[in-house]
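Student: Could you work out the structure for the sequence below:
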Amino acid sequence: MIYLKIIFVRHGDPDYENDSLTEKGKREAEILKNRMAKIKIDEIYCSPMGRAIRTAEPTLELLNREAEILPWLKEFHGVLADPLLKRDVKLWDILPSVWTNTENAFDKDKWIKTPLAENSSASYMYNDVIKKLDEFLSCHGYKRNGNLYDAENPNDDTIVFFCHFGITAVMLSHLLGVSPLVMMQNFVAFPSSLTVIQTEERENGKAIFRCRALGDLSHLYEAGEKPSYSGSYCELFTNENERH
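Tutor: Residues are numbered from 1 along each chain as shown. Down below sits the predicted model:
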């Protein structure tokens, strides 16, 4: 079968203060390399941020490969103004009662024109990322045309992005036709997880992207390593030791 596959690898358990990995994150990166060694990989790209680079290093060393740094793969830092919290927050931090009650927040095209997003840093940063993503895909044989991609040079390359959950959610929202608020608020990919999408060309010359896996941690379970849950919030409001 011929399809372009993109594997998004979230960095290991983060040490955000030092933009690196915790000791657990380093173990996750070591376990991850053995899984990556089993995959046919044609190209490897990496966020310029330290925690993504540290995650990629064991895989690159094992495979004797280098990764190209793409500046636009850095974590998505666009913010919105949350009227309840009365401060700017990232898309994954906005309170659920705010965005879910905002008209058009669930719409893949109209969310950016909502009072929450319009003229915010989130809106122009989102546009910049999806522009660069489409330029990247065009160079790899798939040119954006409305809500589809023209398969100008169909191929079976496998591309790996070592990056972050937020920026992955932005890219997935564009490729799958989903509001990024939905992707960031209703989905999660935990540290060192793999999210996989691939093209399908059911009509000649017209391709879509389909998600094959989101947040896959099977390599950790197989190695007996308990996943870390950076990126999640409290399951119960009364869980005081969990992030609210």
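Student: Show the low-confidence segments of this protein, by residue range.
Tutor: Where the chain drops to pLDDT under 70, the residues are 1-2.
Student: Do a quick rundown of the helices in it.
Tutor: Using DSSP state H, the helices of the chain run over 23-36, 50-63, 96-99, 121-139, 165-176, 180-186, 218-223.
Student: Out of those, which gets nearest to residue 159?
Tutor: Taking CB to CB, helix 121-139 is the member of those nearest to residue 159, at 8.8 Å. The way it works is simple: take the backbone N, C-alpha and C, and place the C-beta from them, glycine included.
Student: Just the buried positions in that closest one, please.
Tutor: Within helix 121-139, the residues that count as buried by 16 or more other CB atoms under 10 Å are 122-123, 125-126, 129-130, 133-134, 136-137.
Student: hang on, the earlier thing: kindly reformat the helices of the chain as a markdown table containing distance to residue 11.
Tutor: Shown next, in a markdown table, are the helices of the chain (distance: least, CB to CB, whole Å):
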| stretch | distance to residue 11 |
| --- | --- |
| helix 23-36 | 7 |
| helix 50-63 | 4 |
| helix 96-99 | 25 |
| helix 121-139 | 17 |
| helix 165-176 | 9 |
| helix 180-186 | 16 |
| helix 218-223 | 14 |
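Student: Among those, which comes closest to residue 16?
Tutor: Nearest to residue 16 among the helices of the chain is helix 50-63; the distance by CB to CB comes to 7.7 Å.
Student: In terms of secondary structure, what does the closest one contact?
Tutor: Contact partners of helix 50-63 among helices and strands, from 3 or more CB pairs under 8 Å, 6 or more residues apart in numbering; DSSP states H and E: strand 5-10, strand 20-21, helix 23-36, strand 43-46, strand 158-163.
Student: how about CSV for those, with mean neighbour count and distance to residue 230 added?
Tutor: Shown next, in CSV, are the helices and strands packed on helix 50-63 (neighbours: other CB atoms under 10 Å; distance: least, CB to CB, whole Å):
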stretch, mean neighbour count, distance to residue 230
strand 5-10, 25, 9
strand 20-21, 22, 11
helix 23-36, 20, 9
strand 43-46, 19, 19
strand 158-163, 24, 14
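Student: Thanks a lot, see you next time.
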